[in-house]
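1. Model the following, please.
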Amino acid sequence: MFLTTRFTFGTHLLEAYVPGAFISLAHLNRQDRVYTFTSPVFEVNGETRGNFLFHHVTGQRTHKGGWEDLQLGFTSVGDPDLYLRITFRSYHNSEILRMRFRLTASAPCQLTRVSGQNHLTYFGLKLPPGLVEGLSEVAFSQYEPVLHSYLPGVEYYPLEDTFTGQVFPGPLLLLDSPESSFLVAYEHGADYPDSFLAFTLTEDESGGRQLLLNARKGNYFHGQPVGPDQAFESVWFEVGLVEGQLGDLLQRYRSFLHHEVSMSVASRQPFLAYNTWNFQERNHLYHGKPYLESMHLERILKEIDVAHRLGIETFVIDTGWFDRPGDWNVNLTRFPDGLKEVKRRLEDCGMKLGLWFNPQAVGVRSKIFSEHSEYEMTWQGNPHDHWVVWETEESTAFCLASDYADAFASVMLRFREELGVMYFKWDGLGQFGCDSPHHHHGNEKNSPEERADSYAYQMGLHLIQIAEKVTSRYPDVVIDFDVTECGRFMGLGFLSVGRYFLINNGAYARDFDTPESLGIDAWMNMFFYPGAARARVCRRNALYDLLAPANLFMVHFLPDGPRLSLENNLASLVLGGNALWGDLLSLSEEEITFWAQALADYKRVRQATTRAYPLTRGFIGASPEIHEKIDPEAGCGLVTFFTTTPGEFTYLTRSLNLEKLGEIKGADAWEMTHDGRLKLTVHLGRDGARTVFLLPKESTDRQGG
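-> Numbers count the residues shown, from 1 in each chain. This is a model prediction of the structure:
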């Protein structure tokens, strides 16, 4: 059956056979602190099935880049026997592990929902008596309508302030105990608190406390087949034991999301991008021109030349480059040579090509629609209303939880192979909207509501699978998922394969409840113009920097003058937004020079600032608002200052390796302290901003763009 039940994996001691429970984890340095998990519970053929017991090691694998897998097999004896394979994944002996479940059976059977609800507990986590002092729930998808953006949220609960039955949508829970901390999370996404999985605090059979991770909705549908050749696969989960206090765990988790959770190494690089959309939007709103009026070869080549002078590394052509959605061929009227000259110009400039896609949009005259109309999303038996995708062609929406997902993955691969596209922007992807019985999220025997929930649960997982298919073959590809509107697959899930595009322009007039009688366009952007206000809204991505590098939540800033706008947008961009958009052809030589020098300085420290755990003084919009992003060991980084009220502001940095520091740029005055810190002083006017670069003697930049 098995030779051993104890395994050393990462920095953990994993016990695969725990009488009366399931598995347990302990840190190798603190084996007296054990966290015990209880068995998964499924409803199969109308019966509750659990009590999975370790059977054997099913496999081990080493992935290129430093990842290792350990696969353990468990069995629940019954009619039929159920087989659970758990894949544990570690990166270079990490303190944080990922794990995923795969359920099969000795004979065909079905996952069922006799009560009409998902009956699935992925695991229970027993809270060691007297060890856990408090619990922090970390949300990644709190949607704030006035800012028109997702924001992170952290709520701390002393254990005595929690209660039995309390639900934590998470997706991340941090358990605080003296000298060590434990984390547990799941990788999915949804607007908080409308999650598809959640933790519930309960009492176990002995009166102790435990957290159960339960399926809430959509994780499977009634009658979903499982058997020898048909598997149910869970999302990835995260568990880890870290020595130190809660603050140490947060820093360690940030590093995990930076380096370890994703095999898409290119997506973790802090490259500088430009996107054409803002000028397309300006041209429409300022001058009454069509959105696609500027989408032609001559204009794009001129923008590439300016972007190159600024120091941009990835040039993204937004909507309008294609003939029709679904076929996704280059529009030969706008680009007669099929973007070949654009590709050549970018290669000559050492830049990469990016393109916009809506993965669900399919033109009604496209080949795939004529051949596979069964993939169309439906609601209550009817297709959704057709729409014209950004002045191109009448289109409909295809379901990602169908075989269409494979067809769209082939489109991505085609553009990487034929045009060398290395960046894909995925836009327009709401999480809800299909209850068809003809796809992979239920059939005629399931209710429309059940099929709709299953679709909403699955659609983001299919996006992840598409991204994995593309990036595993082409590791240089980066995929950004637009979450600039609510109701999207926002959470830990997509960070395993790519990044988020967080904020467009912030709020619309409708977000402020403006009365129709005022005649204000409800869809008018309120933060669309150069200046301090838009930058103040858009640098909210820096709030994620405590949990994950802010460059994983990309935001575009404006390159326009006047000087106050330039300074505000630069100081915001270098906090991790790392992107520009706007009217490049209207920039003056002075403005081009400003950005070229500033971004050249930023490139010298961006790897260090991406690694650095952020320190902040003041809230966003405060006077002053100060952000420190310094890598002490590398002896470099940056500090940004903002204010609404004029004044002189002095900031004392953390200690750093001053022997590696080469130059300080941007401070009005500075001095070194006896303990290896820097005292930086700036003078700012109303709504002023300043970036102070701490440049190394030798560049720390090791990326190719």
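
2. Quick one: low-confidence residue ranges for this protein.
-> Flagging of the chain using pLDDT under 70 yields the residue ranges 1-3, 700, 702-705.

3. would you list every one of the helices in it?
-> Secondary structure of the chain (DSSP state H): helices located at 246-255, 277-287, 297-310, 340-348, 367-371, 404-419, 448-473, 532-538, 563-572, 589-611.

4. could I have the fourth one exported to PDB, CA atoms only?
-> If I follow you right, that is helix 340-348. C-alpha atoms of helix 340-348 as PDB (Å, rounded to 0.1, in the frame of the first residue of the first chain):
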ATOM      1  CA  LYS A 340       3.900  43.300 -41.200                       C
ATOM      2  CA  GLU A 341       5.400  46.800 -41.400                       C
ATOM      3  CA  VAL A 342       4.200  47.500 -37.900                       C
ATOM      4  CA  LYS A 343       6.000  44.300 -36.800                       C
ATOM      5  CA  ARG A 344       9.200  45.300 -38.600                       C
ATOM      6  CA  ARG A 345       9.200  48.800 -37.100                       C
ATOM      7  CA  LEU A 346       8.700  47.500 -33.600                       C
ATOM      8  CA  GLU A 347      11.500  44.900 -34.100                       C
ATOM      9  CA  ASP A 348      13.800  47.700 -35.300                       C
END
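
5. Could I get the buried residue list for it?
-> Val342, Lys343, Arg345, Leu346 (16 or more other Cβ atoms under 10 Å). Every residue, glycine included, has its C-beta placed from N, CA and C.

6. can you check the second one too?
-> Buried residues in helix 277-287, counted by 16+ other Cβ under 10 Å: Trp277, Asn278, Phe279, Gln280, Glu281, Arg282, Asn283, His284.

7. OK, contacts around the residue nearest to the spatial centre of the chain?
-> Computing the C-alpha centroid of the chain and ranking residues by Cα atoms, centre = their mean puts Leu495 first, at 3.7 Å. Counting by Cβ atoms under 8 Å, 6 or more residues apart in numbering, Leu495 touches Glu187, Leu257, Val261, Ser262, Ala548, Leu552.

8. any idea how far the residue nearest to the fifth one when sequence neighbours are not counted lies from Ser94?
-> The shortest distance from Ala548 to any residue other than its chain neighbours is 4.0 Å, reached at Leu257 (Cβ to Cβ, 6 or more residues apart in numbering). Applying Cβ to Cβ, to the nearest Å, the value for Leu257 to Ser94 is 12 Å.

9. Please say which of the two ends up with more neighbours.
-> Legend: neighbour count by other Cβ atoms under 10 Å for Leu257 and Ser94, higher for Ser94 (24 against 20).

10. Just confirm the more buried one contacts His12, I think it does.
-> No. In this structure, Ser94 is not within contact of His12 by Cβ atoms under 8 Å, at 9.2 Å.

11. Grab the nearest non-local neighbour of Phe140.
-> Gly491 (5.1 Å).

12. closest one to Leu518 among the helices of the chain?
-> helix 277-287 (18.1 Å; Cβ to Cβ).

13. Packing partners of the closest one?
-> When contacts are defined as 3 or more Cβ pairs under 8 Å, 6 or more residues apart in numbering; DSSP states H and E, helix 277-287 sits against strand 578-581.

14. in the strand it packs on, what's buried?
-> Within strand 578-581, judged by 16+ other Cβ under 10 Å, the buried ones are Asn578, Ala579, Leu580, Trp581.

15. a markdown table for those residues, including distance to Gln60?
-> Output for those, formatted as a markdown table (distance: Cβ to Cβ, whole Å):
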| residue | distance to Gln60 |
| --- | --- |
| Asn578 | 38 |
| Ala579 | 40 |
| Leu580 | 45 |
| Trp581 | 46 |
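
16. coming back round to it: quick one: the residue nearest to the centre of the chain and Pro549, what's the gap?
-> Leu495 sits 10 Å away from Pro549, going by Cβ to Cβ.

17. intersection of neighbour lists for the two?
-> In terms of Cβ under 8 Å, 6+ apart, Leu495 and Pro549 are both contacted by the residues Leu257.

18. care to break this structure down by domain?
-> 6-132+159-260, 625-696 (automatic domain parsing).

19. Looking at the ones you listed, spot the one closest to Ser565.
-> domain 625-696 (9.3 Å).

20. that older thread, and the buried residues of helix 340-348, which two are furthest apart?
-> Greatest spatial distance among these (Cβ to Cβ): Lys343 and Arg345, at 7.4 Å.

21. Give the buried residues for stretch 478-494.
-> Neighbour-count burial for stretch 478-494 [16+ other Cβ under 10 Å]: 478-484, 486-494.

22. Of those residues, which belong to strands?
-> The strands, defined by DSSP state E, take in Val478, Ile479, Asp480, Phe481, Asp482 from the buried residues of stretch 478-494.

23. Can you give me the first-to-last residue distance of stretch 261-278?
-> 32 Å (Cα to Cα, to the nearest Å).

24. Show me what counts as buried in it.
-> Buried positions in stretch 261-278, judged by neighbour count with 16+ other Cβ under 10 Å: 261-264, 266-278.

25. just the contacts of Leu495 now: which is nearest Pro614?
-> Closest to Pro614, out of all of those and judged by Cβ to Cβ, is Ala548, at 11.1 Å.

26. Next, the contact list for Leu211, please.
-> Gly124, Leu125, Leu127, Phe168, Leu173, Val184, Phe199, Thr200, Leu201, Thr202.

27. from memory the fourth one sits against Leu201, does it?
-> Yes. Because the distance of 7.3 Å satisfies Cβ under 8 Å, Phe168 is recorded as touching Leu201.

28. Among the two, which residue is more densely surrounded?
-> Phe168 (23 against 20).

29. Let me see the contact set for that one.
-> Applying Cβ under 8 Å, 6+ apart to Phe168 gives the contacts Leu135, Glu137, Ala198, Phe199, Thr200, Leu201, Leu211.

30. what's the neighbour count on the first one?
-> Same thing as Leu135. The burial count assigned to Leu135 is 23, neighbours taken as other Cβ under 10 Å.

31. so what's it bridging to?
-> Following DSSP bridges, Leu135 is listed with bridge partners Tyr157, Leu175.

32. Would you mind listing the residues in contact with it?
-> Contacts for Leu135 (Cβ under 8 Å, 6+ apart) come out as Tyr156, Tyr157, Leu159, Thr162, Phe168, Leu173, Leu174, Leu175, Asp176.

33. how close does the fifth one sit to His55?
-> Taking Cβ to Cβ as the criterion, Phe168 is separated from His55 by 32 Å.

34. Kindly report the same for the first one.
-> Tyr156 sits 40 Å away from His55 when distances are taken as Cβ to Cβ.

35. Neighbour count: the two, which is higher?
-> His55 (17 against 13).

36. ok, the more buried one to Leu82 distance?
-> Applying Cβ to Cβ to His55 and Leu82 gives a distance of 11 Å.

37. Now do the shared contacts for the two.
-> Thr75.

38. picking that back up, buried ones among the contacts of Leu211?
-> For these, buried by 16+ other Cβ under 10 Å: Gly124, Leu125, Leu127, Phe168, Leu173, Val184, Phe199, Thr200, Leu201.

39. Going by distance to Thr471, which of those wins?
-> Thr471 lies nearest to Val184 out of the buried ones among the contacts of Leu211, by Cβ to Cβ, at 26.6 Å.

40. my read: the closest one touches Phe237, true?
-> Yes. Val184 lies in contact with Phe237 (Cβ under 8 Å); the separation is 7.2 Å.
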